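Trainee: predicted coordinates and the sequence they were generated for:
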Amino acid sequence: MQNITIFGATGSIGDSTLDIVRRHPDRFRVYALSAQRRMKKLAELALAFAAKVIIVPDVEAVDAFREHWPADHALPEIRLGERGLCETARDPETDCVVAAIVGIAGLASAFEAAQAGKRILLANKEALVAAGELFMHTVQAHDAQLLPVDSEHNAIFQCLQDGRQSQHIRRIVLTASGGPFRNTPLHELETVTPAQACRHPNWSMGQKISVDSATMLNKGLEVIEAHYLFGLPAGQIDVVIHPESTVHSMVEFIDGSLLAQLGNTDMRIPISYVMGYPERIESNTPAFDLSKLHQLNFSVPDYQRFPCLRLAFDALAAGQAQCIALNAANEIAVAHFLQGRLRFPQIAQVIERALDWQSGQSGNIAHIDDVFQLDRQVRERATAFLPASV
């Protein structure tokens, strides 16, 4: 029986994880749940799964949570903010942490879980993008277990059986759907709306990650994440456009063999794999219908259409500080795009200016505090680079 803590419980990863928990009550028990805004849903989940602890951002959220909690039930313990997340990550009652908070906001608690030697199911790309070297060192030093939730890295992990065998790998191939603008004429990208950018053709995701998929910055983050997870240089990591999202990623070995993981576009599949690892457990997903698999298409991504992907490869080649800058500038740019204060093509422009600025700075990333300090500095510069008007 594992006590599961889910950071970001009200999002799509949380929904899928809890569905697996519901199906395997003999294996998993919910210990703690966190949410940033959706207090009604958090209360419903905490009640349904008998969570002992909930973590909310501030006292206003506590009041909102209490409003939705039935009077005839005892309240779970309520913890606040990042301190509450970190406390729960190292809590002796927590066996397994599902790190699904979006953005740099999820780094501190995931890092705390690594320091506490926990089993970490990582759905937060930014933890490795911003602090990959430090994070992986901490995982190893404290005998933590890091398992990838992202469908692409999970696919590679499955193809490698245990994430190792790097000496036998010629390359790994991350697949990308190409998002909603894969075939959109370039001049039309100037007038893309947030609603259009969030309309992913294959996956149901939150707003930020949907925009990242549309720019393919998301795939760039995954390239950096793969570099740290599997210990491979950028030259052994490729990206291909695969509109069907049926092949979730591939590994090519030095003998010419190519292994791919295929399946439905359902996050319960990779989540069930890491939850049950090293065993496989039932995911409650429909069987894959091979009769409907008529063709698989692959193509090389166009950097003119997806400049954010090129910027990610450049950042990885330049080092950790540039990866921090890439992520921080993107979070600022995407937030402003979603607010209607930035045009879609300007996301890449803001990121590139932030990377140029950071490349002229000195400094060493030797501690987790250095990551957060540079992140704050880049956010300030990226905000300054925003256009005065759209």
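Mentor: The structure has been received and is ready for your questions.
Trainee: quick one: neighbours of the nearest residue to residue 276 once chain neighbours are set aside, just the number.
Mentor: Nearest residue to residue 276, sequence neighbours excluded (C-beta to C-beta, 6 or more residues apart in numbering): residue 27, at 7.6 Å. (Glycine included, C-beta is placed from N, CA and C.) Residue 27: 15 surrounding residues under other C-beta atoms under 10 Å.
Trainee: so residue 27 is in contact with residue 281, correct?
Mentor: Yes - at 7.2 Å, residue 27 and residue 281 qualify as touching, with contact defined as C-beta atoms under 8 Å.
Trainee: what do the two both touch?
Mentor: residue 275 (C-beta atoms under 8 Å, 6 or more residues apart in numbering).
Trainee: nearest spatial neighbour of residue 206, skipping sequence neighbours?
Mentor: Per C-beta to C-beta, 6+ apart, closest to residue 206 is residue 11, 5.8 Å.
Trainee: tell me how many other residues crowd the one you found.
Mentor: Residue 11 has 22 neighbours, counted by other C-beta under 10 Å.
Trainee: kindly state the pLDDT recorded for it?
Mentor: pLDDT, residue 11: 93.
Trainee: which one in this protein is furthest away from the centre?
Mentor: In the chain, the residue that sits farthest from the middle, by C-alpha atoms, centre = their mean, is residue 72; the gap is 37.3 Å.
Trainee: doesn't it belong to a strand?
Mentor: No - counting by DSSP: H, G, I helix; E, B strand; the rest coil, residue 72 falls outside a strand, being coil.
Trainee: and the pLDDT at it?
Mentor: 94.
Trainee: just residue 206 next, same as before
Mentor: For residue 206, the predicted pLDDT is 80.
Trainee: quick one: it and residue 10 touch, right?
Mentor: No - contact criterion C-beta under 8 Å: residue 206 and residue 10 do not qualify, at 10.1 Å.
Trainee: ok, the two, which is more surrounded?
Mentor: Neighbours per residue (other C-beta under 10 Å) separate residue 206 from residue 10, with residue 10 holding more: 22 against 15.
Trainee: can I take it that that one is in a strand?
Mentor: No - read with three-state DSSP, residue 10 is coil and lies in no strand.
Trainee: and residue 290, how far from residue 258?
Mentor: 19 Å (C-beta to C-beta, to the nearest Å).
Trainee: so which of the two has more stuff around it?
Mentor: Between residue 290 and residue 258, counted using other C-beta under 10 Å, residue 258 has the larger neighbour count: 12 against 7.
Trainee: chain neighbours aside, what residue packs nearest to that one?
Mentor: That would be residue 252: by C-beta to C-beta, 6+ apart, it lies 4.9 Å from residue 258.
Trainee: returning to that earlier point: how about the residue farthest from the centre of the chain, what does it touch?
Mentor: Per C-beta under 8 Å, 6+ apart, neighbours of residue 72: none.
Trainee: try residue 208
Mentor: 102-103, 331, 334-335, 338.
Trainee: returning to what we had before: contact partners for the residue nearest to residue 258?
Mentor: Counted by C-beta under 8 Å, 6+ apart, residue 252 has contacts 169-173, 258.
Trainee: what's the helix or strand for it?
Mentor: strand 247-253 (DSSP states H and E).
Trainee: shouldn't residue 168 be in contact with residue 254?
Mentor: Yes - if you go by C-beta under 8 Å, residue 168 and residue 254 touch, sitting 5.7 Å apart.
Trainee: any idea how far residue 83 is from residue 39?
Mentor: 19 Å.
Trainee: between the two, which one's more packed in?
Mentor: Counted by other C-beta under 10 Å, residue 83 and residue 39 do not tie: residue 39 has more neighbours, with 23 against 12.
Trainee: now the more buried one: closest residue in space that isn't a chain neighbour?
Mentor: Residue nearest to residue 39 in three dimensions, not counting chain neighbours: residue 64, with 3.9 Å by C-beta to C-beta, 6+ apart.
Trainee: pretty sure the one you found sits in a strand.
Mentor: No - using three-state DSSP, the assignment for residue 64 is helix, not a strand.
Trainee: and it, how many residues sit next to it?
Mentor: For residue 64, using other C-beta under 10 Å, the count is 18.
Trainee: one more: residue 25?
Mentor: 10.
Trainee: and the average pLDDT for stretch 259-266 is what?
Mentor: 94.
Trainee: now it: buried residues?
Mentor: 260-261, 263-266 (16 or more other C-beta atoms under 10 Å).
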